[in-house]
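Undergrad: okay, here's the prediction I keep looking at, along with the sequence it came from:
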2 protein chains.
Amino acid sequence: MSEQIGVLVEADPGPGILHKLTGVIAGHGANITSVDIVDERQTYFEIDLTNEAVAVIEDLSNLPIVRRVTQVKTFQTIFGKRIIIIGGGGAQVGQVAIGAISEADRHNIRGEHISVDTIPLVGEQPLADAVRAVPRLPRARALVLAGSLMGGAIETAVREVRVAGLLVISLNMAGSVPEAADLVVTDPVQAGVMAVMAVADTASFTVERLKRRLF
Amino acid sequence: MSEQIGVLVEADPGPGILHKLTGVIAGHGANITSVDIVDERQTYFEIDLTNEAVAVIEDLSNLPIVRRVTQVKTFQTIFGKRIIIIGGGGAQVGQVAIGAISEADRHNIRGEHISVDTIPLVGEQPLADAVRAVPRLPRARALVLAGSLMGGAIETAVREVRVAGLLVISLNMAGSVPEAADLVVTDPVQAGVMAVMAVADTASFTVERLKRRLF
């Protein structure tokens, strides 16, 4: 049986720290599922363990460069699944956020862990870059595109990230992005609500089972 | 002169991958500033380099376990600084988000990179855990607490994260959290706007120079 733990390691700054720390973890046959370099002195790991957490923590503490090792709660148990809202228009991103946050609240009360992350941007290329970066974001499950006109490079990026397994919801807008999305929603508040429903285990809603894809 | 690059490495899954990859990067004397384990086959690095990016990429590609190495845009250049909104009440988190997203849009148009991330939660301990996790989130610069009653363990967590250098803005609410925050704002939309102004280089606003801390 495996256990997932969060570990915060404080160490002296210098080259190759991560290589030394991961060597200790690999030595225990443990699987690192997440890493964050908090700053040059602090590194945060999420680790799947089959043996005792205390042994890994002790071996990390025994490295000469390590000052302190603390076991902490994992991001998965705190922030959980992420809905990412990207726009094209702060007003529209904000309205999608309102819907998503209210709906996430309803599910989180029942034990889900869903957070809602947003960025307002301008221009075709920055938007395409942001879309393409979403599958690299830890715990990202669905993307909502909020704007009035999106196409070209953004459409290409949407098709790419869908292949990578990301659910993409688009507002009903001008341009070719709605054609490329899994689901098209006219009301921005509803688009946010639907994005959360689609990723929540506490909701009985799946995009695949919808009879139409434009609302 | 150093250069920061983003690198996406696709490799065969298995124990010790991260140890092998970081060994190659450390061998080039390069500094890893960010890592994300996208899934068991993909790892994303942000690296500060003093020598040629092409040499590191080539050496990573030459590892027997590595299938493909792609240079990509960094998260810092795409999503930038993060404002984190945590509540206590989906309606209140949503209103703070409205203010923060609209204001981030205004600054991002002028070249800033600010994103707004939120999570609605319930209960003293989950909220305290979430507050305590914020300094471990990459690129997090300010925290806004949105709710009607917060105190106890949440107050303790707020004092801890402020020591870690995080700016904390609280809505004007019941409980002891407002006393512990850097700034207390009554209107949730304004709280969101002020959080963004405080971290934007394109704004001439600093919390330290305010003559009062309750608005």
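TA: Alright, I've got the coordinates.

Undergrad: could you look up the SS state of A:Asp105?
TA: helix (DSSP: H, G, I helix; E, B strand; the rest coil).

Undergrad: by mean pLDDT, which helix or strand of chain A comes out lowest?
TA: Lowest mean confidence among the helices and strands of chain A (mean pLDDT, DSSP states H and E): helix A:75-78, at a mean of 82.

Undergrad: right, is it up against chain B?
TA: Yes. Contact of helix A:75-78 with chain B (C-beta under 8 Å from any C-beta of the partner chain) involves A:Phe75, A:Ile78. C-beta here means a position set from N, CA and C on the backbone, and glycine is covered the same way.

Undergrad: could you point out the helix or strand that follows that helix?
TA: Helices and strands here follow DSSP states H and E; after helix A:75-78, the next one along the chain is strand A:81-88.

Undergrad: given that next one, what are its sheet partners and their directions?
TA: Using DSSP bridges, strand A:81-88 pairs in its sheet with strand A:114-121 (parallel), strand A:140-146 (parallel).

Undergrad: do a quick rundown of the helices in chain A.
TA: A:17-27, A:53-61, A:75-78, A:90-109, A:124-133, A:153-163, A:177-180, A:188-199 (DSSP state H).

Undergrad: can you pull the buried residues of the second one?
TA: Right, the one you point to is helix A:53-61. A:Ala53, A:Val56, A:Ile57, A:Asp59, A:Leu60 (16 or more other C-beta atoms under 10 Å in any protein chain shown).

Undergrad: OK, contacts around the residue minimising distance to the centre of chain A?
TA: Centroid-nearest residue in chain A: A:Ala140, 2.6 Å away (criterion: C-alpha atoms, centre = their mean). Contact partners of A:Ala140, counting by C-beta atoms under 8 Å, 6 or more residues apart in numbering or on different chains, are A:Arg82, A:Ile84, A:Val134, A:Leu166.

Undergrad: rerun that using 6 Å as the cut-off
TA: By C-beta atoms under 6 Å, 6 or more residues apart in numbering or on different chains, the contact set of A:Ala140 is A:Arg82, A:Ile84, A:Val134.

Undergrad: CSV for the residues you listed, including neighbour count, distance to B:Ser102 and pLDDT?
TA: Putting the contacts of A:Ala140 into CSV (neighbours: other C-beta atoms under 10 Å in any protein chain shown; distance: C-beta to C-beta, whole Å; pLDDT from 0 to 100) gives the following:
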residue, neighbour count, distance to B:Ser102, pLDDT
A:Arg82, 22, 21, 95
A:Ile84, 28, 18, 97
A:Val134, 22, 22, 93
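
Undergrad: which one of the residues you listed is nearest to B:Val93?
TA: A:Arg82 (14.7 Å; C-beta to C-beta).

Undergrad: residue furthest from the geometric center of chain A?
TA: Distance-from-mean max, chain A, by C-alpha atoms, centre = their mean: A:Pro64 at 34.1 Å.

Undergrad: how about low-confidence regions in chain A?
TA: For chain A, applying pLDDT under 70 flags the ranges A:1.

Undergrad: picking up where we left off before, now render the helices of chain A as CSV, adding distance to B:Arg106.
TA: Converted to CSV, the helices of chain A look like this (distance: least, C-beta to C-beta, whole Å):
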stretch, distance to B:Arg106
helix A:17-27, 37
helix A:53-61, 44
helix A:75-78, 30
helix A:90-109, 7
helix A:124-133, 15
helix A:153-163, 22
helix A:177-180, 24
helix A:188-199, 19
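
Undergrad: now, of those, which is deepest in the fold?
TA: Using mean count of other C-beta atoms under 10 Å in any protein chain shown, the stretch among those with the largest mean neighbour count is helix A:90-109, at a mean of 25.

Undergrad: which residues sit against that helix?
TA: With C-beta under 6 Å, 6+ apart as the test, helix A:90-109 has contacts from A:83, A:85, A:87, A:114, A:116, A:118, A:120, A:144, A:146-147, A:188-189, A:191-193, A:195-196, A:200, A:202, B:90, B:93-94, B:97-98, B:101-102, B:105, B:118, B:120-122.

Undergrad: same check on stretch A:184-200?
TA: A:81, A:83, A:92, A:95-96, A:98-100, A:103-104, A:107, A:112, A:114, A:141-142, A:144, A:167, A:169-172, A:178, A:203, A:205, A:207, A:214-215.

Undergrad: switch the cut-off to 7 Å
TA: The list of residues contacting stretch A:184-200 from outside it, by C-beta atoms under 7 Å, 6 or more residues apart in numbering or on different chains, reads A:81, A:83, A:92, A:95-100, A:103-104, A:107, A:112, A:114, A:141-142, A:144, A:146, A:167, A:169-172, A:178, A:183, A:203, A:205, A:207, A:213-215.

Undergrad: A:Arg110 against A:Thr202, yeah?
TA: Yes. Contact status for A:Arg110 versus A:Thr202: in contact at 4.9 Å, counting by C-beta atoms under 7 Å.

Undergrad: quick one, which of those two is more surrounded?
TA: Neighbours per residue (other C-beta atoms under 10 Å in any protein chain shown) separate A:Arg110 from A:Thr202, with A:Thr202 holding more: 14 against 11.

Undergrad: return the distance of the more buried one relative to A:Gly6.
TA: For A:Thr202, the distance to A:Gly6 equals 24 Å [C-beta to C-beta, to the nearest Å].
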